[in-house]
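> from the sequence below, what's the structure:
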Amino acid sequence: MKLSKSKINSYLKCPMEFKFQYIDEIESEPNKYMALGSDVHLIAEKFSEEFGDDLDDVDIDNELVRIAYELDFGYDLTNHIENLGSFFREMFIENDYKLYSQEEYLIDEEHRFSGICDIILEDENGDLVVIDYKTGNSNSFSKYRRELCYYKLLVENVYEKNVSTVGVFFTKNGRLRLLDVCDEENKRKFLHTREIDEAIDTFYKVRNEVNKGNFEAKPQFLCRYCTYKNICEYY
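Modelled structure (predicted):
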């Protein structure tokens, strides 16, 4: 089985939930938070497909609204759309990044790891900047640090280019959190290489447990929100 950051997160949260979803392949009912994330990602993807990184003569806000209207999701995404507009202006007009890749499914065959990177930019030095879109609150940024480690490793292994910066753009409040990858200790500004080593260790530990068939349930407060609570004997 190829692992991904989502599969690793699922296993760490509850091995039994991982089994239901990825081993037994029991389909789950989509919830409104999953739908929101998918819809906002699709708007960003369609915009970048159509306009790329040359936005000087593009009415960014109106084009995003048009795309959302054509997709016809049926609920208000104004706040997320406005913040996406600010993000694209900052990245491609103010900072002059180049669009390297977006919403591409990447596979690292050597390590059997895969993932979809929301958007990858290239800076003036030819280094890559990997950014993940999130529709939740920016105060939860710390829980995404391990994911960013995996994105860095995946992108570098597939493209054979240096990833100098990783981050998350929160479409709900328009906050962009970027971390330079280095050996500095300030966690507000940097992703330490030690964190990457720890993420690699976690990757191999999860793979080992999955291969051993260890899917012991982890009863916890979050069980009440689990998609599989009605079929789990431990709930």
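> CA only for contacts and neighbour counts going forward, please
Noted.
> do a quick rundown of the helices in the chain.
Assigned by DSSP state H, the helices in the chain fall at 5-13, 15-18, 32-51, 60-71, 78-88, 145-159, 193-212.
> and those: which comes nearest N173?
The closest approach between N173 and any of these, judged by C-alpha to C-alpha, belongs to helix 78-88 at 7.0 Å.
> so what's the closest residue to Q102 other than its chain neighbours up against?
Closest residue to Q102 apart from its sequence neighbours, by C-alpha to C-alpha, 6 or more residues apart in numbering: I119 at 4.1 Å. Listed by C-alpha atoms under 8 Å, 6 or more residues apart in numbering, the contact partners of I119 are L99, Y100, S101, Q102, E103, V130, I131, D132.
> thinking again about what came up before, do you know which of the helices of the chain lies nearest T227?
Between T227 and those, the shortest gap by C-alpha to C-alpha is with helix 15-18, which sits at 8.5 Å.
> quick revisit: per-residue confidence for the residue nearest to Q102?
Taken from the predicted model, the pLDDT recorded for I119 is 98.
> that older thread, just among the contacts of I119, which is most surrounded?
V130 (25 neighbours; other C-alpha atoms under 10 Å).
> okay, and the helix or strand of this structure with the least pLDDT?
Least confident element among the helices and strands of the chain, by mean pLDDT, DSSP states H and E: helix 32-51 (a mean of 94).
> center of this structure - which residue?
D132 (4.2 Å; C-alpha atoms, centre = their mean).
> show me the contacts for that one.
Contacts for D132 (C-alpha under 8 Å, 6+ apart) come out as C117, D118, I119, G167, V168, F169.
> now, which of the residues you listed lie within strands?
The strands, defined by DSSP state E, take in C117, D118, I119, G167, V168, F169 from the contacts of D132.
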